[in-house]
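**Student:** this one's structure only:
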Ligand SMILES: Cc1ncc(C[n+]2csc(CCOP(=O)(O)OP(=O)(O)O)c2C)c(N)n1
Ligand SMILES: [Mg+2]
């Protein structure tokens, strides 16, 4: 089934031309009922989790920087659907959604946000720095762009060991300007590293709209061309389009053909972090995105239209998710702070 | 009935102004609706409702300043309660003593020595550190058109920490330049422009990100004068917030004073007061060498008295006696001064008169000022927020030992941040940072009391 993305098609003429020039039209595949409902559930978990995190921040339970993923849920959920166990994930500070998609426990993520001992980093990392060896989630990085070579390093290890795992390395449109990204592209290409570079193009780096800081900002997928890395621009608000493109990228990487770039056209609804009033964009722009492209509403509408589930079925999922999130928040508020002795642990591995 | 509480809207926010209500008592509120606007020290933020239902009471009237985080500000009723519940102004409203709780705006150093740089009779004005840095840059940009400001979010966004607020309007995009997130690249470009004779001010959103650019700061900016046999150098200022903010974790909480202080060719300035921030910023911009100017996010909103002079310049390399005393010398700089002055107060209450030296410049360091004081007190405690090993305080201790050994009645004591990456958890972060009590204990230690 080929569904031309409404979201990407709506963009300026120039970018459409660029698209035509550089690749086939965006394809899209249908989801089974199970896939639709799984995607709905996973995206909803992220949405509700993030809303709760925002609330806890306002109440002072979460401190420091807290970057919410609301609006971008389809990206991680679609990619996760194409991965298999043992594939690695690494991203920036906007990481809560990635961790939940990886299957990390919402209680442990929320407790890390509140800095409690039950958190994934035992309270020592916070919102921007969480990890799970078990789920092969490698963080949670606060320095813009730094996770890109690290992700390629994970891919290097796969290649070195001769396994068929891929590393899914996420970064933002803003990060796409950092020099180390291009050093990494070059090495990933010459060494054929099984790395999927996922550019989450949410149009803004903090308060900077992408065109103000970025050459050809509506075509970041083209940035692999000079390095011979195949790339695709994808409607990142449509979880089916994401999964479809991710399948191709994963197959490419697993086959040993080298890295792949996926530019996910997405959007963040909230400010950059909790302290960003987001005055740099019109309210209508956000409203329009929410109304016309919301990743969760899209699935909901499809599922109902296709009679795959009733409003009531979906309400039941909503209630389940709310219960999970409420429980995580309660745990995160009642779990004790780390023991004072933790201040001096984990600085070195005992040798 | 859920109370809406005054939300925390930034890492360092403790209170804010309830600028405006966008909903009235009786209005039905949906989750996600913007109900009020709140001014923090950085920005005006919108507050979205989380609960749904009719707004039954507004507890804090619009325009109230100094509303503490977590104070109830409004009440939302049950969703299906009679919407006509037009509650009378809640009785609690009277209890909100917000204006009275507003923190004292001006920090007055206790028995400070008169600043010899300030002519007698000069009028003083209250100014935040943020305003002081901004006015220094603006004055210098008016004075010299080769001076320009470059960095992430300095222009249209008005500065990530609002230091450059309004400067794009005044100086235009030629001179207030928004960069992509490419620290290594734009630092190199700015340094090249300085080689060519321009006078760039490079803002790092925080100094943590200057690590991306450290090659150009050290290998290009600091060493070129020497390598070229004096033919060309880099008159450039690298500035931005440095050190821990609040709960921002290991990668965003580091004090670089000792790092840059180690490099020949760099000057390193780290002011505490607004007056010094202003005067030293002007000196830094005029200096023909690369100057690292280390600011602090927590200090940005603090107010101090600043001399009202047309051209207030504080010389680089001169310490300031912040408090006169005779029993022990306390040396610090930047945010370390907060804990050191608080410790001096505590010591005074016990009859111990501490002399407090604010270094202001890390490199070149005003050693004579420290040695002079130690000759008088015979005891020295030095204080910094950074890591303890290979630190500014270890340098001070070594220098005092070399130059004032015969005057010391006790080994120099050092108080520094703990030797660990900055943890996120509130209790651990507190333990990792320096406190006034740490300084008091160290001072008593060198006094053997
Ligand atoms: C090296 C570095 N420079 C600056 C920052 C401050 N900063 C944090 S996030 C951000 C914007 C990044 O935007 P983008 O890459 O588009 O990711 P998004 O936040 O949109 O997910 C900036 C400038 C940083 N953390 N690291
Ligand atoms: Mg972005």
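**Tutor:** That came through fine. Treat the numbers as computed from the prediction; the structure is a model and nothing was measured. Numbering: from 1, shown residues only, chains lettered A, B, ... in the order given. Ligands and ions are numbered 1, 2, ... in the order given.

**Student:** the host helix or strand of residue B:67 and chain A, are they touching?
**Tutor:** According to DSSP states H and E, residue B:67 maps onto strand B:64-68. No: with Cβ under 8 Å from any Cβ of the partner chain as the criterion, chain A is not reached by strand B:64-68; the gap is at least 10.3 Å. Using the backbone N, CA and C atoms, a C-beta is placed for each residue, glycine as well.

**Student:** residue B:269 pairs with what?
**Tutor:** As for beta bridges, residue B:269 partners with residue B:293, residue B:361 under DSSP bridges.

**Student:** please report how far it lies from residue B:144.
**Tutor:** Relative to residue B:144, residue B:269 is positioned 19 Å away (Cβ to Cβ, to the nearest Å).

**Student:** how about residue B:124?
**Tutor:** Taking Cβ to Cβ as the measure, residue B:124 and residue B:144 are separated by 27 Å.

**Student:** where along the stretch 1-150 of chain A do the strands fall?
**Tutor:** Counting by DSSP state E, counting those that start in this stretch, the segments of the stretch 1-150 of chain A that form strands are A:88-92, A:137-141.

**Student:** among those, which is the most enclosed?
**Tutor:** Mean neighbour counts were taken over the strands of the stretch 1-150 of chain A using mean count of other Cβ atoms under 10 Å in any protein chain shown, and the top value, a mean of 26, falls to strand A:88-92.

**Student:** counting by contacts, list what it packs against.
**Tutor:** Strand A:88-92 sits against strand A:137-141, helix A:147-161, strand A:167-172, with contacts defined as 3 or more Cβ pairs under 8 Å, 6 or more residues apart in numbering or on different chains; DSSP states H and E.

**Student:** quick one, the shortest one and strand A:88-92 angle?
**Tutor:** Relative orientation of strand A:137-141 and strand A:88-92, computed by axes from the mean of the first three to the mean of the last three Cα atoms, to 10 degrees: 10 degrees.

**Student:** now do the phi/psi pair for the closest residue to ligand 2 within chain B.
**Tutor:** Nearest residue of chain B to ligand 2: residue B:181, at 9.6 Å (Cβ to the ion). For residue B:181, the backbone dihedrals (degrees, to the nearest 10) come out as phi -80, psi 80.

**Student:** list the residues that contact the spatially most central residue of chain B.
**Tutor:** In chain B, the residue lying closest to the centroid (Cα atoms, centre = their mean) is residue B:296, at 2.5 Å. Counting by Cβ atoms under 8 Å, 6 or more residues apart in numbering or on different chains, residue B:296 makes contact with B:129, B:241, B:242, B:243, B:334, B:335.

**Student:** go again using 7 Å as the cut-off
**Tutor:** By Cβ atoms under 7 Å, 6 or more residues apart in numbering or on different chains, the contact list for residue B:296 reads B:241, B:242, B:243, B:334, B:335.

**Student:** which one of the residues you listed sits closest to chain A?
**Tutor:** residue B:241 (13.2 Å; Cβ to the nearest Cβ).

**Student:** what residues are bridge-paired with residue B:356?
**Tutor:** Using DSSP bridges, the bridge partners assigned to residue B:356 are residue B:323, residue B:330.

**Student:** relative to residue B:382, how far out is it?
**Tutor:** Using Cβ to Cβ, residue B:356 is found at 11 Å from residue B:382.

**Student:** hang on, residue B:309 in a helix?
**Tutor:** No: under DSSP: H, G, I helix; E, B strand; the rest coil, residue B:309 sits outside any helix and is assigned coil.

**Student:** my guess is it contacts residue B:123. True?
**Tutor:** No: applying Cβ atoms under 7 Å, one finds residue B:309 not in contact with residue B:123, separated by 8.7 Å.

**Student:** contacts for the strand or helix carrying residue B:370?
**Tutor:** Under DSSP H and E, the secondary-structure element containing residue B:370 is helix B:367-377. With contacts defined as Cβ under 7 Å, 6+ apart, helix B:367-377 is touched by B:319, B:326-329, B:331, B:355, B:357, B:380, B:396, B:399-400, B:403-404, B:407-408.

**Student:** repeat that for 8 Å
**Tutor:** Helix B:367-377 is contacted by residues B:318-319, B:321, B:325-329, B:331, B:355, B:357, B:380, B:396, B:399-400, B:403-404, B:407-408 when judged by Cβ under 8 Å, 6+ apart.

**Student:** just the ones of those residues in helices?
**Tutor:** Of the contacts of helix B:367-377, the ones assigned to helices by DSSP state H are B:396, B:399, B:400, B:403, B:404.

**Student:** can you pick the most crowded of these?
**Tutor:** In terms of neighbour count, residue B:396 stands highest of these at 26 neighbours, by other Cβ atoms under 10 Å in any protein chain shown.

**Student:** the residue lying closest to that one once chain neighbours are set aside and chain A: what is the separation?
**Tutor:** In space, and not counting its chain neighbours, residue B:396 is closest to residue B:382: 4.5 Å by Cβ to Cβ, 6 or more residues apart in numbering or on different chains. Between residue B:382 and chain A the computed distance is 22 Å (Cβ to the nearest Cβ, to the nearest Å).

**Student:** what of residue B:58?
**Tutor:** Distance, residue B:58 to chain A, by Cβ to the nearest Cβ: 18 Å.
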